[in-house]
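Colleague: fold the stuff below for me.
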Amino acid sequence: AGGGGGRRGSLVSFKSLSDKGVRGAAGGGGAASNEDEPPIHPTVRFKGSVAQVSRRKAILVLSPDAANISELSAMGLTMSDLPLHSFQRDSVFLGEHIASEVRSAHKLDKLSKRLEREKELSRTLLHNMLPENVADDLQAGKTVEPCHFENVTLFFSDVVGFTQICDSIEPWDVIDMLNQLYSVMDFLSSHFKLYKVETV
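Modeller: As a prediction, the model looks like this:
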């Protein structure tokens, strides 16, 4: 854009209507707009620079003010609307690449934590089902050899009248009762280094 005749003023002016549209006018003057009319285009933000060509001439270079693809899309623009001579394309591409890497790293971190939780759950279940040394060998991929014991003592326990008890008390009371029984049995098993087999 160029100016002449010794007159100084804005070369190009842009006006946003309620952040819903963009209008442009060259020089002075312009038609009045009706804000009740639906906007034709989304808001487009520009950034630019003025290059002095000569004493009385200058060039105004404008480009969309967008840092990523999402901002371009919000303004109804694409990468082809960015000027070829500007570094803005490289900046947008770099920003998208970094954002993609961050999303991938975040996703991998979530998957890693989920995997650790699943492994810990598997380990806990395995140790509840098998003796500790057997469970550790299985997790390590080792072959578990059968063990022979000369003397073995088996203890069977049962809650006498469990069905009748459940019918006569509240469900939460049943849970509290079982929790106390299991806590005591778990403590005794751990204290005397017993192997507990749970059956239903």
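
Colleague: where does the prediction get shaky in the chain?
Modeller: 1-41, 85-86, 198-200 (pLDDT under 70).

Colleague: look through it and tell me its longest helix.
Modeller: In the chain, taking DSSP state H as the definition, the longest helix is helix 88-129.

Colleague: so what secondary structure elements neighbour the helix or strand that comes right after that one?
Modeller: For helix 88-129, the succeeding helix or strand toward the C-terminus, using DSSP states H and E, is helix 132-139. Where contact means 3 or more Cβ pairs under 8 Å, 6 or more residues apart in numbering; DSSP states H and E, helix 132-139 is packed against helix 88-129. (C-beta placed from N, C-alpha, C; glycine too.)

Colleague: what distance separates the helix it packs on from the centre of its chain?
Modeller: 9 Å (Cα atoms, centre = their mean, to the nearest Å).

Colleague: now do it: which elements does it pack against?
Modeller: So helix 88-129, by 3+ Cβ pairs under 8 Å, 6+ apart, packs with helix 69-74, helix 132-139.

Colleague: out of those helices, which gets nearest to Ile165?
Modeller: Nearest of the helices and strands packed on helix 88-129 to Ile165, taken as Cβ to Cβ: helix 132-139 at 32.7 Å.

Colleague: list the buried residues of the closest one.
Modeller: Val134, Ala135 (16 or more other Cβ atoms under 10 Å).

Colleague: off-centre distance for the helix or strand following it?
Modeller: Later in the chain than helix 132-139, the nearest helix or strand by DSSP H and E is helix 162-168. Helix 162-168 sits 47 Å away from the centroid of its parent chain (Cα atoms, centre = their mean).

Colleague: same for helix 162-168, what does it pack against?
Modeller: helix 171-191.

Colleague: show residues contacting the helix it packs on.
Modeller: Applying Cβ atoms under 8 Å, 6 or more residues apart in numbering, the contact partners of helix 171-191 are Ser157, Val159, Ile165, Cys166, Ile169, Leu194, Tyr195, Lys196.

Colleague: just send those residues back as CSV, with distance to Val44 and neighbour count too.
Modeller: CSV is the format used below for the contacts of helix 171-191 (distance: Cβ to Cβ, whole Å; neighbours: other Cβ atoms under 10 Å):
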residue, distance to Val44, neighbour count
Ser157, 77, 7
Val159, 74, 11
Ile165, 74, 13
Cys166, 70, 14
Ile169, 70, 12
Leu194, 75, 13
Tyr195, 73, 9
Lys196, 71, 13
